[in-house]
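A.B. asks: Sequence and computational prediction follow.
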Amino acid sequence: MKPILCAIIAFCSFAASATPMETLLTQTIDQRVKAFRDLKMQGAYPFLARTAFDKHNGLQTRWRAITTMGRLDPEAFRKELNRALESNEWFMRDAALIALQTDERPRAVAWSMKLLDDPALMVRTQAVRNLIQLRATEAEGKLWEAIFSPKNFRGRESLWVRAHMAEALAGFSGPGRLKKFERLLMDDDERLYKWAITGLEAAAGYKLGDKADPIEVRRQTWLAHLGVEQI
C-alpha cells in the first residue's frame with residue numbers, strides 16, 4: 001500500500017475514534033484536564049473559551065468548561081476567568097472561584113476576599129472554601145466582618161455560609177482572640193459551636209473537657225471557664 005494512502009487511512013481511523021470535545025466535558029475533572037491537555041494543539045483552548053460563554057449551552061457544561069480552564073492553564077485563560085468572575089450569572093462566578101484555586105495565590109486570595117460580599121450565597125460559600133484551602137490568614141479581618149453581616153442572615157436565620165466562615169476563622173485562630181470566639185460560642189447557630197471551641201483552644205493554648213463529650217457539654221464548660229452565664 002502506498003505511504004500516502006496509509007497515512008490517510010490512519011488519520012481517518014483516528015478521527016473516527018476520537019472523543020468529541022463536548023463529550024470530554026462530561027468526564028471527571030482529572031480525566032477532562034488530561035484529555036484537553038493532550039488536545040491543546042487541536043483547538044481545545046478556543047473550544048473551552050467558546051463553550052463557557054455560549055448561553056445556548058447548559059449550566060453544567062459552562063461550569064465545567066470554566067473549572068477545566070483553571071486546572072488546565074489559568075494563566076492562558078486569564079481573560080476568560082476575569083470575565084467569568086465579573087459575570088452576572090452566579091454559577092460562572094462560582095466556577096471561576098474554583099478555577100482560581102490553581103492560579104497565582106495573591107490573585108486567588110484577592111478575588112476570594114472580594115466575593116465574600118457576592119450577592120449569591122453559593123458564591124460567598126465558595127469564596128470562603130477558597131480562603132480555607134489557601135490558608136489565607138490575611139482574610140481574617142474580612143471574615144470576622146462577614147460572619148456578622150446581615151447579608152449572611154435571612155431575617156434572624158443564620159445562613160450555612162457562616163459555619164464555613166467559623167471553620168476558616170478557627171483555622172486562623174491564635175492568641176488575643178478569646179472574646180471573638182466567645183461571641184461565636186454564644187451565637188444562636190449551633191453549627192458554629194464546634195469551630196468556636198476549636199478557635200478558643202487555639203487562642204487560649206489549652207483544651208477543656210473531653211473531645212468525646214457532646215458539643216453542648218464542651219460549650220457549657222468553656223462558657224463557665226470564661227465566666228459567662230450558661231445559656
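C.D. replies: Yep, that arrived. Just so it is clear, the structure is predicted and the values come from calculations on it, not from any experiment.
A.B. asks: Now do the contacts for residue 107.
C.D. replies: By Cβ atoms under 8 Å, 6 or more residues apart in numbering, the contact set of residue 107 is residue 100. Any C-beta I mention is one placed from the backbone N, CA and C, and that applies to glycine too.
A.B. asks: ok, for the residue nearest in space to the middle of the chain, nearest residue in space, not its chain neighbours?
C.D. replies: What sits nearest the mean C-alpha location of the chain, by Cα atoms, centre = their mean, is residue 126, with 3.5 Å. Distances taken as Cβ to Cβ, 6 or more residues apart in numbering place residue 97 nearest to residue 126, at 4.6 Å, with adjacent residues excluded.
A.B. asks: so the one you found makes contact with residue 111?
C.D. replies: Yes - counting by Cβ atoms under 8 Å, residue 97 does reach residue 111; the two are 6.9 Å apart.
A.B. asks: quick one, strands of the protein?
C.D. replies: Per DSSP state E, the chain carries strands over the ranges 153-154, 157-158.
A.B. asks: deepest of those strands, which one?
C.D. replies: Here the criterion is mean neighbour count by mean count of other Cβ atoms under 10 Å, and of those the winner is strand 157-158, at a mean of 13.
A.B. asks: partner strands of that strand, parallel or antiparallel?
C.D. replies: Under the criterion DSSP bridges, strand 157-158 sits next to strand 153-154 (antiparallel) in its sheet.
A.B. asks: just to revisit the earlier point, make TSV from the strands of the chain and add mean pLDDT and distance to residue 209 to it.
C.D. replies: Formatted as TSV, the strands of the chain follow (pLDDT from 0 to 100; distance: least, Cβ to Cβ, whole Å):
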stretch	mean pLDDT	distance to residue 209
strand 153-154	97	30
strand 157-158	98	25
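A.B. asks: Export the ones you listed as CSV, with columns for distance to residue 57.
C.D. replies: Converted to CSV, the strands of the chain look like this (distance: least, Cβ to Cβ, whole Å):
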stretch, distance to residue 57
strand 153-154, 31
strand 157-158, 35
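A.B. asks: Was I right to think the residue nearest to the centre of the chain contacts residue 96?
C.D. replies: No - using Cβ under 8 Å, residue 126 is not in contact with residue 96; the gap is 9.4 Å.
A.B. asks: Measure how buried residue 60 is and give me the count.
C.D. replies: 11 (other Cβ atoms under 10 Å).
A.B. asks: and if you look at residue 85?
C.D. replies: 21.
A.B. asks: Give the closest residue to it in space, chain neighbours not counted.
C.D. replies: residue 96 is the one closest to residue 85 (Cβ to Cβ, 6+ apart), at 4.4 Å.
A.B. asks: do residue 176 as well
C.D. replies: If the residues on either side of it in the chain are set aside, residue 176 comes closest to residue 203, at 7.0 Å by Cβ to Cβ, 6+ apart.
A.B. asks: who are the neighbours in contact with the one you found?
C.D. replies: 173-178, 180-181.
A.B. asks: got a list of what the residue nearest to the centre of the chain touches?
C.D. replies: 94, 97-98, 115.
A.B. asks: How about residue 26?
C.D. replies: residue 64.
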